[in-house]
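Novice: can you look at this prediction? I've put the sequence above it.
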Amino acid sequence: MTQPRAPSPQSRVYDVCIVGSGAGGGMAAHALTRAGADVIVLEAGVPWDNLKDSAMLTWPYESPRRGRSTKDHPFGEFDGCIGGWEIEGEPYTRAPGTEFSWWRARMVGGRTNHWGRISLRFGPYDFKRKSRDGLGDDWPISYEEVAPFYDKIDRLIGVFGSKESLPNEPDGVFLPPPRPRCHELLVKQAADRLHITCIPSRLSILTHPLNGRAPCHYCGQCNRGCRVNANFTSTNVLIGPALTTGRLTLVTNAMAREVTVDKAGRASGVAYVDKTTGSDQHVRARVVVLAASALETARLLLNSKSSAFPNGLANGSGTVGKYITDTTGTDVGGFIPKMMDHVPHNHDGVGGMHLYMPWWLEDQKLDFPRGYHIEVWGGTQVPSYGFGGGIQRYPSGGGYGKQLKDDYRRYYGATVGFSGRGEMIPNDDTYCEIDPRTVDRWGIPVLRFHWKWSDHEYKQVKHMQETFRALIEAMGGEVFSPMPGPERGYGIAAGGVIIHELGGARMGDDPKTSVTNRWCQAHECKTLFVTDGAPFVSQADKNPTWTILALSLRTSEYIADQMKKGAL
C-alpha cells in the first residue's frame, strides 16, 4: 500500500505529514485529504490490507501450529495485528521496581486491526473529574464540544448499541445491536439480581450496511481482520478512501526519528529511517501531525532536540512523557454448570461481547474514586491451540482416552468470565523518559518507563474481583481461582498489559503545565499537532479509541480551517 505520487516523497513539500496510520493518523488522513490537503503518512510497519491479508475463515487445523501465538502475533497466529510487547531491535527499558510492558503495532492501520472494537464515548463527568472529586486535572474541553464529532464518527464508521439515557454513558447514533447469546442471557439474569446495570454492548461492527460496507455475517473472527470490511479498521475505512482522493502518499516501513524545525522554530518535516534499506530520509511539510501512539509520540518529541527546543520539541513545560496512564484491569472466569451438556446450536454473533456493564455506582460512597466497566466473555469459540486447557479444574475433568474426550464435549462452552476495565488517576511517579544509554537498531534513543499504581487503583481492582465472583456465584457457578490478596495487588494487570496507554502530551490551557492546547496543537510550535492518545488529560473507564477518533477529526477540521485562513 505504499503509494508515492512523486518521483520520491522527498521531492516535494507536503501540506501535512502524519506519523502513524492507526485510529488518530487514519482519521487525520481521511479528513485532511477530503479537505483538499496534500498529505503524506509515515507508517513504521509493513503494508497490510484486511480485504486480502486476513486469516478470516482459516480453520485451526489448516496450520501445524493450530493457531498458537507467534513472536509477532502474541494473541495467536491468526490475529490481525502484527506487533507485540517485545519487538526485535526495538527495546525499551524499565526503571528499577517498574512493571510495565509496551505494546507496539507495526502495520498499516496499527492497533485498529486487532482491538475488540469496544466503542464508548467519554461522558460529561469524564472530562471534568477534578471538579467532581478533586483528583488529577479537568480537560480544557467539555463533552458538549466533542459530542458533534462523536456523532460524525458514528455516522462515518458505524457503531451498534442501544439508547439508555445514562448520565455518563452518552448514547450515540446507533445501529441495532445483536441479540444476546445463551451465556450472555445467564449473565444478564445474574446482573439483574445483583442490581448491576447490564445493557447491549457498543462495538464498531456493522449490523446493517453503511457507506458501501457490508454488515457482519457473524463468523465471530473480528480479531483476524475482516475480509468484508464489516468491522472498523483504519486500514480500509479511513486510509483506503483517503488514497482514492489522489491526495495521500503512504510510506510504509518508515521509522520516524525526529520532527525537524525551521529557524523560526516551526515544525518543518519529519526525519525517518527507511527500514528496508536502513537509509536516513526526510520529508518536508507545512504541518506535522503526530499519531504514532501516545508513548511513541512522547518519544519522538523528547528525541526532537534543537537549539530552539533543547529539552525536546514542545517540552518547555517539562511535561512531555508525564502523566501517562493505562486502564486498570483484572479478570475472573468460572465454571457454569447450567452451560454443560447444552443442545448444540449456533452461537451467532460478532467477534466480541453482545452485552456489557457500564459503571453503575457513580456517586456511591466507595473506598476508591472513579470506576470501571465490565466486559463479558465465554461461549463456544472455534476450538484451537490451548482449547480446554485446565479441564482438570472441572468436576471429574481430566484423565485419558474416551473419558477425557467426553469431558471436553460436556464442558465445551461452560466457561463464563468477566474483565474489568477501569480508570487510573495520573500520578507524578508514572512517566516515561529517554534512556541515556540505550538505542534501538537504528540508533534512536529508547524510552525508559517509571510506573506506579496507587491505592486508588488497587482498591478499585479489589472491587472488580469481588463483583465478578458475586456474578459467577449468582449464575450458580464455581470460580476457578482463589481471590488474590493485597500481596498480589488483588490481581491487577501490570501497566501496559491492557494496551490503553494515554497521556504524555496532555492538553491544557496553561502552557506551563501542558504540552498541547484544546485543539491538540503544541503550545510552543503552532505547526505541530497530536492526534493519538497523548493529549488525553485523564483515562476514563472507557476504551479510548472512539475518543481518539473524535478528537482527531476535531483537530483535523481545525487544521483545515487554519490552513484555509493562512494561519498555518
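Specialist: That came through, no problem. The structure displayed is predicted, hence computed values, not measured ones.
Novice: near residue 276, how many other residues are there?
Specialist: 11 (other Cβ atoms under 10 Å). Using the backbone N, CA and C atoms, a C-beta is placed for each residue, glycine as well.
Novice: ok, the nearest residue to it once chain neighbours are set aside - contacts?
Specialist: Nearest residue to residue 276, sequence neighbours excluded (Cβ to Cβ, 6 or more residues apart in numbering): residue 253, at 5.1 Å. Residue 253 makes contact with 43-46, 274-276, according to Cβ atoms under 8 Å, 6 or more residues apart in numbering.
Novice: quick one: residue 253 from residue 274, how far?
Specialist: 7 Å (Cβ to Cβ, to the nearest Å).
Novice: for residue 474, same thing?
Specialist: 57 Å.
Novice: same check, this time on residue 370
Specialist: 44 Å.
Novice: higher neighbour count, these two?
Specialist: residue 370 (26 against 15).
Novice: correct me, but residue 127 touches residue 141?
Specialist: Yes: with contacts counted by Cβ atoms under 8 Å, residue 127 reaches residue 141, the gap being 6.5 Å.
Novice: can you show me the strands along the stretch 151-300 of the chain?
Specialist: Using DSSP state E, counting those that start in this stretch, the strands of the stretch 151-300 of the chain run over residues 199-200, 248-251, 254-261, 267-274, 279-290.
Novice: residue 383 is nearest to which of the ones you listed?
Specialist: Nearest of the strands of the stretch 151-300 of the chain to residue 383, taken as Cβ to Cβ: strand 199-200 at 27.4 Å.
Novice: tell me the strands beside the closest one, with direction?
Specialist: strand 355-357 (antiparallel) (DSSP bridges).
Novice: can you name the next helix or strand after the strand it pairs with?
Specialist: Downstream of strand 355-357, the next assigned helix or strand under DSSP states H and E is strand 372-378.
Novice: what helices or strands is that following strand leaning on?
Specialist: For strand 372-378, the elements it packs on are helix 182-193, strand 328-335, strand 355-357, strand 415-422, helix 455-474, judged by 3 or more Cβ pairs under 8 Å, 6 or more residues apart in numbering; DSSP states H and E.
Novice: so which of those is nearest residue 51?
Specialist: Of all the helices and strands packed on strand 372-378, it is strand 355-357 that lies closest to residue 51, at 28.8 Å by Cβ to Cβ.
Novice: measure how far the closest one is from the centre of its chain, please.
Specialist: A distance of 18 Å separates the centroid of the chain from that of strand 355-357, by Cα atoms, centre = their mean, to the nearest Å.
Novice: low-confidence ranges, the stretch 51-200 of the chain, go.
Specialist: Applying pLDDT under 70 to the stretch 51-200 of the chain flags no residue at all.
Novice: show me where it has its helices.
Specialist: 129-133, 143-157, 182-193 (DSSP state H, counting those that start in this stretch).
Novice: neighbours around residue 155, how many?
Specialist: 13.
Novice: roughly how far apart are it and residue 222?
Specialist: Residue 155 is 21 Å from residue 222, by Cβ to Cβ.
Novice: again, but for residue 415
Specialist: 20 Å.
Novice: now do residue 520
Specialist: 29 Å.
Novice: ok, those two, which is more surrounded?
Specialist: Legend: neighbour count by other Cβ under 10 Å for residue 520 and residue 222, higher for residue 520 (29 against 24).
Novice: tell me who's in contact with that one.
Specialist: Counting by Cβ under 8 Å, 6+ apart, residue 520 has contacts 507, 529-531, 535, 551, 554-555.
Novice: with residue 308 instead?
Specialist: Taking Cβ under 8 Å, 6+ apart, one finds 261, 265 in contact with residue 308.
Novice: spatially nearest residue to residue 269 (excluding sequence neighbours)?
Specialist: residue 284 (4.1 Å).
Novice: name the residues linked to that neighbour by a beta bridge.
Specialist: With DSSP bridges as the rule, residue 284 is bridged to residue 13, residue 269.
Novice: count of neighbours near it?
Specialist: Residue 284 has 18 nearby residues by other Cβ under 10 Å.
Novice: these two touch, right, it and residue 11?
Specialist: No: using Cβ under 8 Å, residue 284 is not in contact with residue 11; the gap is 9.6 Å.
Novice: phi, psi for residue 542 please.
Specialist: The phi/psi pair for residue 542 (degrees, to the nearest 10) reads phi -100, psi 150.
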